[in-house]
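1. From the sequence below, what's the structure:
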Amino acid sequence: MLFHNLTVQNNLNIDSVLTFSDNNFTRITARFDTGNIFIHENVIETTQSNSDIDLRSYTGKVKAENVNFTSPNGIGTETGNLTINADDVTIANSTSNVRLPKGTTAQQANIQGALRYNTETSLFEGYDTGWVGFNGIYSDNRTASVLAHPTNNTLLFSVTGVNQGTIDSDKITINGLQADEVLANGNTITSVNSNADLELEASGNGYIFVDNVEFQRSKIIATTTNDNLNFASTGTGYWKLGGTTGVVIPVVDDSGLEPGETGQLRWNALLEKLEVFTGSIWENGAGFIETVPTEDGQDINFEMNLILG
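-> Residues are numbered from 1 along each chain as shown. A predicted model of the protein is given here:
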């Protein structure tokens, strides 16, 4: 049935299919009711309680302004970005996942608040004033990082892409540690500046210990009882004691029967002489001195006077 310029003032009941083929059809000035859908003013609604409105395209897509709805579950735009303006966006009734945009480093768009997955670095990342990786702490160019090892509870520190140290529950392992002008690297502690001193100082009444050696202000002490404090050199090297006042050696007060080490020096206060231990006995350390009776000395002196005049 074909109608031209049909005007319906009251209700129009259609039991079959109503088709509008005139391209000049623009609007319905009253209300349109199909039984399940009610169209009036700028509203399209269903007439059945809790029923859905199903908008479908035959082979294309459903368009709302610049937003496209494509089968089976895609939402996109004709041009530009898809923006969702809401106080809160909730993804509910799902146990699966949300897939973020992904791409290479060259495909990054520097937009504040952007989230994506980088297929080159295998990292989730976000952008503020630079790109930040979410699987640890990264520099913008990814060459410096702090990462948590996935299985052994270790923190990994890398600079310029090279591992520089680790921290685990027992220790800190690093290639080198510099504090102000002191550098600890391997088994060496050095001063950073050329010709600078390396000073070890204890606070208060504390002292400095190195193995079994204790440094007390101006004293060097072997901490193990009856242990020797050895100053040694290699090759033709030697130990030189500076100063202008002299060297004080140990003072003892015995008869010389106390055993010693070969070459050991001491001052015997009992015998009032410098002694050196030869390996078996204590000898005079200042050379051998012979004495004569007083009368013999006087006779020798008289004879020398006669000879020399």
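
2. For the rest of this, base every contact and every neighbour count on C-alpha atoms.
-> Noted.

3. Now do the domain split for this protein, please.
-> The chain breaks down into these domains under automatic domain parsing: 1-100, 102-191, 200-230, 248-309.

4. which of those has the lowest average pLDDT?
-> Lowest mean pLDDT of the domains of the chain: domain 1-100, a mean of 74.

5. what are the ranges of the strands in the stretch 151-300 of the chain?
-> Under the criterion DSSP state E, counting those that start in this stretch, strands of the stretch 151-300 of the chain are mapped to 155-159, 162-167, 172-174, 177-179, 182-185, 188-191, 208-210, 213-216, 219-222, 251-252, 265-268, 273-277, 282-284.

6. got the residue ranges for the strands in the stretch 1-150 of the chain?
-> 31-33, 37-40, 43-46, 62-64, 67-70, 74-77, 102-103, 115-118, 123-127, 131-133, 137-138, 145-148.

7. Export these as JSON lines, with columns for mean neighbour count and distance to L177.
-> Below are those laid out as JSON lines (neighbours: other CA atoms under 10 Å; distance: least, CA to CA, whole Å):
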{"stretch": "strand 31-33", "mean neighbour count": "14", "distance to L177": "81"}
{"stretch": "strand 37-40", "mean neighbour count": "15", "distance to L177": "76"}
{"stretch": "strand 43-46", "mean neighbour count": "13", "distance to L177": "72"}
{"stretch": "strand 62-64", "mean neighbour count": "14", "distance to L177": "62"}
{"stretch": "strand 67-70", "mean neighbour count": "17", "distance to L177": "57"}
{"stretch": "strand 74-77", "mean neighbour count": "13", "distance to L177": "53"}
{"stretch": "strand 102-103", "mean neighbour count": "16", "distance to L177": "38"}
{"stretch": "strand 115-118", "mean neighbour count": "20", "distance to L177": "33"}
{"stretch": "strand 123-127", "mean neighbour count": "18", "distance to L177": "30"}
{"stretch": "strand 131-133", "mean neighbour count": "22", "distance to L177": "26"}
{"stretch": "strand 137-138", "mean neighbour count": "17", "distance to L177": "21"}
{"stretch": "strand 145-148", "mean neighbour count": "18", "distance to L177": "17"}
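
8. how close does the closest residue to S145 other than its chain neighbours get to H149?
-> Counting by CA to CA, 6 or more residues apart in numbering, the nearest residue to S145 once its immediate chain neighbours are dropped is Y138, at 4.3 Å. With distances taken as CA to CA, to the nearest Å, Y138 is found 15 Å from H149.
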